[in-house]
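[1] Next input, structure requested:
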Amino acid sequence: MRIKTIEKLCCPFDKSDLNLTIISQDETENIMEGLLICDSCKRVYPIISGIPIMSPDEYREFKLEQPVLERWEKHLEGKKVDNFRLL
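    So this is what the prediction gives:
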């Protein structure tokens, strides 16, 4: 996913801006893994294989996303994710 595309995204719940944390990029600087975090509601949206996971909470399965978030825990600056929100 390109950074220019990410700059156009907003939180699907409250339309607030998203903060980007880049985990990895490919050789053309496309974002392959990262985190999008909403400024307002603190929801966390992972970017996996270049695709942001921005489905409504009721269609997401935390058990599937939890291993990825645990692996990226050092990028959360000591905060935890519970029910798709940063605590």
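[2] now the strands: where do they sit in the chain?
    Secondary structure of the chain (DSSP state E): strands at 18-25, 31-38, 44-48, 51-52, 81-82, 85-86.
[3] So which of the ones you listed is nearest Trp72?
    Smallest distance to Trp72 across the strands of the chain (CB to CB): 5.7 Å, for strand 18-25. Yep, even glycine has a C-beta here, placed from its N, CA and C like the rest.
[4] The strands of the chain into CSV, with extra columns for mean pLDDT?
    Shown next, in CSV, are these (pLDDT from 0 to 100):
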stretch, mean pLDDT
strand 18-25, 95
strand 31-38, 95
strand 44-48, 95
strand 51-52, 94
strand 81-82, 88
strand 85-86, 88
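[5] got TSV for these, with distance to His75 and mean neighbour count too?
    Formatted as TSV, the entries for the strands of the chain read as follows, by distance: least, CB to CB, whole Å; neighbours: other CB atoms under 10 Å:
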stretch	distance to His75	mean neighbour count
strand 18-25	5	15
strand 31-38	6	20
strand 44-48	11	20
strand 51-52	15	14
strand 81-82	11	16
strand 85-86	11	16
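[6] got these as JSON lines, with distance to Glu70 columns?
    Rendered in JSON lines, the data for these read as follows (distance: least, CB to CB, whole Å):
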{"stretch": "strand 18-25", "distance to Glu70": "13"}
{"stretch": "strand 31-38", "distance to Glu70": "13"}
{"stretch": "strand 44-48", "distance to Glu70": "11"}
{"stretch": "strand 51-52", "distance to Glu70": "19"}
{"stretch": "strand 81-82", "distance to Glu70": "9"}
{"stretch": "strand 85-86", "distance to Glu70": "14"}
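[7] among those strands, which is nearest Lys63?
    That would be strand 81-82 among the strands of the chain, by CB to CB, at 12.5 Å.
[8] That closest one pairs with which strands, and in what direction?
    Taking DSSP bridges as the criterion, strand 81-82 pairs within the sheet with strand 85-86 (antiparallel).
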